[in-house]
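Asks: kindly return the folded structure for what I paste below:
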Amino acid sequence: MKKALLSGLAVLAVISITALINMELYMKIVMGIAIGSLILSAIFMKVFIRGRDLDVNTDPEEDRKQRGIGMIIAAFGLPFFVTSILLVI
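Replies: Residues are numbered from 1 along each chain as shown. You can find the predicted model right below:
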């Protein structure tokens, strides 16, 4: 998860060069990646499943792997999410 967070910071630093050229484009890119990573991590962590369809007593290994992937995506998108909040304020 540390690698995902650091790679998110590195990608954000590279995209920050765009801010020198066009700030509006920079905001669109950062917010797009933030919202996309938020939605993707929610899908992988099965947040959108109703309670009746989710069986909490069984925890297959595939579900654990998918939740891990969701956490990695969320860690990657965290710098973008924080930056987009700061840009809006």
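Asks: ok, for Ile29, nearest residue in space, not its chain neighbours?
Replies: Ile15 (5.8 Å; CB to CB, 6 or more residues apart in numbering). Just so you know, the C-beta spots here come from the backbone N, C-alpha and C atoms, and that holds for glycine as well.
Asks: quick one: list the elements packing against the longest helix anywhere in the chain.
Replies: Longest helix in the chain by number of residues (criterion: DSSP state H): helix 61-88. In terms of contacts (3 or more CB pairs under 8 Å, 6 or more residues apart in numbering; DSSP states H and E), helix 61-88 is packed against helix 2-15, helix 23-44.
Asks: show me what counts as buried in the longest one.
Replies: What that stands for is helix 23-44. 26-27, 29-31, 33-34, 37-38, 40-41, 44 (16 or more other CB atoms under 10 Å).
Asks: distance of Thr18 from Tyr26?
Replies: 5 Å (CB to CB, to the nearest Å).
Asks: please read the previous query as pertaining to Ala74.
Replies: Taking CB to CB, one finds Ala74 at 22 Å from Tyr26.
Asks: now Val47
Replies: In terms of CB to CB, Val47 sits 29 Å off from Tyr26.
Asks: same check on Ser41?
Replies: Following CB to CB, the distance that separates Ser41 from Tyr26 is 23 Å.
Asks: re the thing from before, verify the contact between the residue nearest to Ile29 and Val30 for me.
Replies: Yes. Under the criterion of CB atoms under 8 Å, Ile15 makes contact with Val30 at 6.8 Å.
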